[in-house]
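Asker: Can you look at this prediction? I've put the sequence above it.
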Amino acid sequence: MQQIKNYIEQNKQRMLDELLNLLRFPSISADPKYKDDVIKTADFVAQKLRDAGADNVEVCPTAGYPIVYGEKIINPAKPTVLVYGHYDVQPPDPLELWHTPPFEPSIRDNKIFARGACDDKGQFYMHVKAFELMMQTHTLPCNIKFMIEGEEEVGSDNLGHFVQANKERLKADVVLISDTAMISMEHPSLETGLRGLSYLEVEVTGPNRDLHSGVYGGAVANPATILAKMIASLHDENNRITIPGFYDDVLNLTQDERDAINSAPYDEAEYKADLGVDELWGEKGYSTFERTGTRPTLEVNGIWGGYIGEGAKTVLPSKANAKISMRLVPNQSSDKITKLFADHFTSIAPPYVKVKVNALHGGEPVVTPTDSIAYQAAQKAIAESFGKEPIPTRGGGSIPIVALFEAELGIKTVLMGFGLDSDNLHSPNEKYDIYNYYKGIETIPLFYKYFDELSK
Ligand code: BES
Ligand code: MN
Ligand code: MN
């Protein structure tokens, strides 16, 4: 442990500067304008893996953005850890809400503000630096493989093919991912589940063209009004989702499991104050952690139609649109839920409009084991570096690749994230605490140490 601390202390500034350089790349996978930047980011990551001591580093082309692979096999008889992360980031919009530019990392109050600071550049780069540390101090006890992709934020469409085509190369005993959050630094935790996702776009069309709202208004249905009503009908008075069959496959938790989730520290007043809301909302009968971690949900991610420019324009729009996502829990299936939604949404359309539903992407929910050697290693590592046993929690976000690794490679995952829910992932002013960054670099080598010890 002292050796780890010493190495970090001696290399502190450089480890931080390298992360800041990584954060300067606008690797926005959703926007084709940034194609060159995304590719340059992959090259940067590959070079950093080589510098840290990885062998066989390759920027592997896919039909979309490349996957960066690198490995260090110290002894084929030793256990192997596959580290997964993503170098792409979400679009930074709305830009005007950032206090400093998203791709010019700025440090305030010991926090790094930049798009990707926490999700996921700051987090996967801890693994690159922890690997460097183990190489430099000759303490790497296991084999390590890195797979850092560039399309996570747009659904990892090409990762499935890569995994299928590289089963031998990706063989490992566990997948280790830092792309989730802890409750707080005072209450370290390990996520033991992720929700699945069904993401769709809907379009409601009324008249065949935009109309003068005075000339035609009152005689023709307004698709924006109809869309709003259709969306509003998707939740009932208990905030349950009204799509027939939606809850059929949901695995209900035992009272013990519910008690465990509700025993995690939670300060509702603080939670509300942080978000600036006076009251919370959600499915009746469930606590906040249950609602976000164990129950399926439906959210409107965007809604538009008609005139949204400056000033007023009197128009009865021809079309209205929305992007809708549903978070799924075990044993729901993304394809099935997508179909249930499409059938239901089409069936509730009144005769004044036509409805189109277009599925964008999806992913399956997962629960990760807590009785595995790898989970125990993560527990011991965190207990040692934080001085406290981690609390198991269920995360609300999605990392579709986790279910895929399990299905394609038969490998389970450990979600050892060091972010915070309040780090503004996907929001303006995303941040990552410098303390968390170094804490991660300190904890990761301990994971390897205990994973190797417990595997013997
Ligand atoms: N790192 C997040 C997922 C996450 C965040 C899990 C916080 C747990 C806690 C990941 O980058 C992400 O944003 N995933 C997307 C899904 C993807 C298919 C676009 C998500 O959850 O919306
Ligand atoms: Mn992420
Ligand atoms: Mn994300």
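Answerer: Cool, the structure landed. Ligands and ions are numbered 1, 2, ... in the order given.

Asker: CA atoms for contacts and neighbours, from now on please.
Answerer: Noted.

Asker: Show me which residues of the stretch 251-400 of the chain sit near ligand 2.
Answerer: Applying C-alpha under 5 Å from the ion, one finds that the stretch 251-400 of the chain does not approach ligand 2 at all.

Asker: Now K323: closest residue in space, sequence neighbours ignored.
Answerer: E201 (4.4 Å; C-alpha to C-alpha, 6 or more residues apart in numbering).

Asker: Looks to me like the one you found is in a strand.
Answerer: Yes. Under DSSP: H, G, I helix; E, B strand; the rest coil, E201 sits within a strand.

Asker: Please report how far it lies from H361.
Answerer: Using C-alpha to C-alpha, to the nearest Å, E201 is found at 10 Å from H361.

Asker: same question, E149
Answerer: 17 Å.

Asker: more crowded one of the two?
Answerer: Neighbours were counted for E149 and for H361 using other C-alpha atoms under 10 Å; E149 has more, 23 against 18.

Asker: any idea how far that one lies from S334?
Answerer: 22 Å.

Asker: Ok, L234 next?
Answerer: To S334, L234 is 18 Å away according to C-alpha to C-alpha.

Asker: Let me know the pLDDT of D157.
Answerer: Predicted confidence (pLDDT) at D157: the value is 88.

Asker: Checking it next. Helix, strand or coil?
Answerer: Secondary structure, three-state DSSP: D157 is coil.

Asker: Leaving out the residues flanking it, which one is nearest to it?
Answerer: Nearest residue to D157 in three dimensions, chain neighbours excluded: E151, at 7.2 Å (C-alpha to C-alpha, 6+ apart).

Asker: For the one you found, the count of nearby residues, please.
Answerer: E151: 24 surrounding residues under other C-alpha under 10 Å.

Asker: Return the residues in contact with it.
Answerer: 29, 64-65, 86, 88, 157-158 (C-alpha atoms under 8 Å, 6 or more residues apart in numbering).

Asker: can you rerun that using 7 Å?
Answerer: 29, 65, 88 (C-alpha atoms under 7 Å, 6 or more residues apart in numbering).

Asker: Report the buried members of these.
Answerer: Applying 16 or more other C-alpha atoms under 10 Å to those, the neighbour count classes 29, 65, 88 as buried.

Asker: quick check, nearest of the residues you listed to ligand 2?
Answerer: Ligand 2 has its nearest neighbour among these in D88, at 8.6 Å by C-alpha to the ion.

Asker: Could you double-check that that closest one sits in contact with P26?
Answerer: No. Judged on C-alpha atoms under 7 Å, D88 makes no contact with P26 at a distance of 8.4 Å.

Asker: Give the residues shared as contacts by these two.
Answerer: Common contacts of D88 and P26 (C-alpha under 7 Å, 6+ apart): V38.

Asker: List the contacts of I434.
Answerer: I434 touches 110-112, counting by C-alpha under 7 Å, 6+ apart.

Asker: Type out the PyMOL command that picks the buried ones from those residues.
Answerer: Written as a PyMOL command, the selection of buried residues from the contacts of I434, which uses 16+ other C-alpha under 10 Å, is:
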select buried, resi 111+112
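
Asker: Kindly indicate which of the contacts of I434 lies nearest ligand 2.
Answerer: Distance to ligand 2, by C-alpha to the ion, is smallest for I112 among the contacts of I434, at 16.6 Å.

Asker: just checking, that closest one touches P105?
Answerer: Yes. Proximity of I112 to P105 meets the contact threshold set by C-alpha under 7 Å, at 6.4 Å.

Asker: now the helices for the protein?
Answerer: Using DSSP state H, the helices of the chain run over residues 2-23, 35-52, 121-136, 159-165, 223-232, 255-262, 268-275, 288-293, 334-347, 373-386, 401-409, 434-455.

Asker: Nearest approach to D93 belongs to which of those helices?
Answerer: Set against D93 and scored by C-alpha to C-alpha, the helices of the chain come closest in helix 2-23, at 16.2 Å.

Asker: Export only the CA atoms of the closest one, formatted as CSV.
Answerer: Listed in CSV are the C-alpha atoms of helix 2-23, where the atom choice follows Å, rounded to 0.1, in the frame of the first residue of the first chain:
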residue,chain,number,x,y,z
GLN,A,2,2.8,2.4,0.9
GLN,A,3,4.5,1.6,-2.4
ILE,A,4,1.3,2.5,-4.2
LYS,A,5,0.9,5.8,-2.4
ASN,A,6,4.5,6.7,-3.0
TYR,A,7,4.3,6.1,-6.7
ILE,A,8,1.1,8.2,-6.9
GLU,A,9,2.7,11.0,-4.9
GLN,A,10,5.8,11.1,-7.1
ASN,A,11,3.8,11.1,-10.3
LYS,A,12,0.8,13.1,-9.3
GLN,A,13,1.1,16.1,-11.5
ARG,A,14,1.9,14.1,-14.7
MET,A,15,-1.0,11.7,-14.1
LEU,A,16,-3.3,14.6,-13.8
ASP,A,17,-1.8,16.5,-16.8
GLU,A,18,-2.3,13.4,-19.0
LEU,A,19,-5.9,13.2,-18.1
LEU,A,20,-6.4,16.9,-18.9
ASN,A,21,-4.9,16.2,-22.3
LEU,A,22,-7.3,13.3,-22.9
LEU,A,23,-10.2,15.6,-21.9
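
Asker: and it, what other elements does it pack with?
Answerer: Under the contact definition 3 or more C-alpha pairs under 7 Å, 6 or more residues apart in numbering; DSSP states H and E, helix 2-23 sits against helix 121-136.

Asker: report the angle between the axes of the helix it packs on and helix 2-23?
Answerer: 140 degrees (axes from the mean of the first three to the mean of the last three C-alpha atoms, to 10 degrees).

Asker: still on that earlier bit, from the buried ones among the contacts of E151, which is closest to I324?
Answerer: For the buried ones among the contacts of E151, the nearest to I324 is S29 (19.9 Å; C-alpha to C-alpha).

Asker: what's S455 in contact with, if anything?
Answerer: When contacts are counted by C-alpha under 7 Å, 6+ apart, S455 touches I373.

Asker: err, G85, not the other one
Answerer: 120, 124, 147-149, 177.

Asker: What of D88?
Answerer: Residues in contact with D88 (C-alpha under 7 Å, 6+ apart) are 27-29, 38, 150-153.

Asker: and with 10 Å instead?
Answerer: 25-30, 37-39, 41-42, 65, 115-116, 119-121, 148-154 (C-alpha atoms under 10 Å, 6 or more residues apart in numbering).

Asker: What of F341?
Answerer: Contact analysis of F341 by C-alpha under 10 Å, 6+ apart lists 198, 200, 234, 242-246, 324, 326, 335, 347, 357, 359.

Asker: How about D157?
Answerer: Neighbour list for D157: 62-65, 151, 361-362, 400-401 [criterion: C-alpha under 10 Å, 6+ apart].
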